[in-house]
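Asker: got a sequence here, can you model it:
(one chain, ligands or ions: 3)
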Amino acid sequence: MKTSSLSGSCRVCGHTNSVHEQGPCVARGCRKKIKVCGATIHYIPTEEDSNVRGWVVCKPCPYHGREGRGVDYSSFPVIDKDADGNLYISQYGIST
Ligand SMILES: [Zn+2]
Ligand SMILES: [Zn+2]
Ligand SMILES: [Zn+2]
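Answerer: Numbers count the residues shown, from 1 in each chain. Ligands and ions are numbered 1, 2, ... in the order given. Just a heads-up that it's a prediction; the model follows:
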């Protein structure tokens, strides 16, 4: 069964897909989409301040990273889920 990308919840962060945005990857001919979550807080236990605010990238392009065609998401951290189901930051933003 195919589900629309805007229904249900994100498989990484668990927020509903309606609070996410998707943008096409910057690379020419790449059909992958970069998915970012705009929910205000993500609980990331491995961080010093575990309530991480702001946009996070739930799914970068697997080949080209975080630069979208219209928006460059490189300053947002990339989150992922570990085997225990906890979120962690797999890649930090480029800004300090
Ligand atoms: Zn998400
Ligand atoms: Zn989220
Ligand atoms: Zn790409």
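Asker: which stretch of helix or strand covers the spatially closest residue to G65 that is not a sequence neighbour?
Answerer: Closest residue to G65 apart from its sequence neighbours, by Cβ to Cβ, 6 or more residues apart in numbering: S74 at 7.2 Å. In short, each C-beta sits where N, CA and C put it, glycine included. Counting by DSSP states H and E, there is no helix or strand that carries S74.
Asker: dihedrals phi and psi, S74?
Answerer: Main-chain torsions, S74, degrees, to the nearest 10: phi -60, psi -20.
Asker: how much space separates V71 from G14?
Answerer: Distance, V71 to G14, by Cβ to Cβ, to the nearest Å: 23 Å.
Asker: I'd say L87 and I44 touch.
Answerer: Yes - using Cβ atoms under 8 Å, L87 makes contact with I44 at a distance of 4.7 Å.
Asker: which one of these two has more residues nearby?
Answerer: L87 (22 against 19; other Cβ atoms under 10 Å).
Asker: for that one, give the beta-bridge partners.
Answerer: K81 (DSSP bridges).
Asker: contacts for stretch 15-35?
Answerer: With contact meaning Cβ atoms under 8 Å, 6 or more residues apart in numbering, stretch 15-35 is reached by 5-10, 36-39, 57-64, 66-73.
Asker: in it, what's buried?
Answerer: Under the neighbour-count criterion of 16 or more other Cβ atoms under 10 Å, stretch 15-35 has H15, N17, H20, E21, G23, C25, V26, K33, I34, K35 buried.
Asker: now do stretch 36-54
Answerer: Here stretch 36-54 shows V36, C37, A39, H42, I44, V52 as buried, counting by 16+ other Cβ under 10 Å.
Asker: what does this protein have sitting close to ligand 3?
Answerer: C25, A27, C30, K32, C61, Y63, H64 (Cβ under 5 Å from the ion).
Asker: re earlier: what touches both of L87 and I44?
Answerer: With Cβ under 8 Å, 6+ apart as the test, L87 and I44 both reach I79.
Asker: S74: how many residues sit nearby?
Answerer: Neighbours of S74 under the rule other Cβ under 10 Å: 16.
Asker: isn't it right up against G93?
Answerer: Yes - with contact defined as Cβ under 8 Å, S74 counts as touching G93 (6.8 Å).
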